[in-house]
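In: Quick one, fold the following:
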Amino acid sequence: MIKKSDIGELPKFFDRYISITDDVDLIEGLNHYAPHNVFPSTDALAALKDKIYAPGKWTIKDILQHCIDTERIMVYRALCFARFDENMMPGFDEGEYAKNTNLENRTVEDLMEEFGIVRKSNILMFESFNKKMLLRKGTANHIRLSPLSLGFVIMGHGLHHANVIKERYLNLK
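Out: Reported below is the predicted structural model:
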């Protein structure tokens, strides 16, 4: 059993996501903070259609795609670090990713399904790592982190966006 408290010093920038998660076992947390557990219901999300709470903000579908993309990037980094890849992983521009998606034929339902499948797959990968692999550090965008910390980033990032949706989108008429 390896928990958030085993991370030690939280990596800068990513600490905002890690800090909003509980000090739970990694796999327990990935299941607990799964999309279907933290996001509002698919019906509630779909009802929002393309509404935004302020100019320049993302739609619900944009947010879901962003969460899927980010989880995939973070888990790739975790895989590289666990496999002792010494190459520095680059950063990514979330705005460019958002501008270059193809969401017009996507539904909230299929995005949530994809998000759940991505999480399930990532849980299986994290389960395959031993403690040594989870604590191995690598560098991404000039920040040192471990697969363990990236697992908690994944949890906290999704939770952060679920909270934004609950606070700023669900009350839109």
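
In: only C-alpha atoms for contact and neighbour calcs from this point on.
Out: Fine.

In: Contacts only, for the residue nearest the centre of the chain.
Out: Geometric centre of the chain, nearest residue: Ile154, 3.4 Å, by C-alpha atoms, centre = their mean. When contacts are counted by C-alpha atoms under 8 Å, 6 or more residues apart in numbering, Ile154 touches Tyr17, Leu30, Thr70, Glu71, Met74.

In: can you pick the most crowded of those residues?
Out: Using other C-alpha atoms under 10 Å as the neighbour test, the contacts of Ile154 are led by Glu71, with 23 neighbours.

In: Need the nearest residue in space to that residue, chain neighbours excluded.
Out: Leaving aside its chain neighbours, Glu71 sits nearest to Ile154 (5.7 Å; criterion: C-alpha to C-alpha, 6 or more residues apart in numbering).

In: I'd like the distance between that neighbour and Lys61.
Out: Note on Ile154: its distance to Lys61, by C-alpha to C-alpha, to the nearest Å, is 18 Å.

In: Please name the nearest non-neighbouring residue to Arg168.
Out: Tyr53 (6.3 Å).

In: one step back: give me the secondary structure label for the residue nearest to Glu71.
Out: The three-state label given to Ile154 by DSSP: H, G, I helix; E, B strand; the rest coil is helix.

In: hang on, isn't Lys166 packed against Ser41?
Out: No. Proximity of Lys166 to Ser41 does not meet the contact threshold set by C-alpha atoms under 8 Å, at 10.7 Å.

In: wait, what's in contact with Asp25?
Out: Asp25 sits next to Met1, Ile2, Lys3, Lys4 when contact means C-alpha under 8 Å, 6+ apart.

In: Spatially nearest residue to Asp85, not counting backbone neighbours?
Out: Nearest non-adjacent residue to Asp85 (C-alpha to C-alpha, 6+ apart): Gly138, at 7.5 Å.

In: which outside residues touch the helix-or-strand element of the chain with minimal mean pLDDT?
Out: Every helix and strand in the chain was compared by mean pLDDT, DSSP states H and E; the lowest is helix 94-99, with a mean of 92. With contacts defined as C-alpha under 8 Å, 6+ apart, helix 94-99 is touched by Asp62, Gln65, His66.

In: again, but for stretch 165-173
Out: So stretch 165-173 is contacted by Phe39, Pro40, Ala44, Leu45, Leu48, Lys51, Ile52, Tyr53, Ile60 (C-alpha under 8 Å, 6+ apart).

In: I'd like to know which of those residues are buried.
Out: Those of those that meet the buried threshold are Phe39, Pro40, Leu45, Leu48, Ile52, Ile60, by 16 or more other C-alpha atoms under 10 Å.
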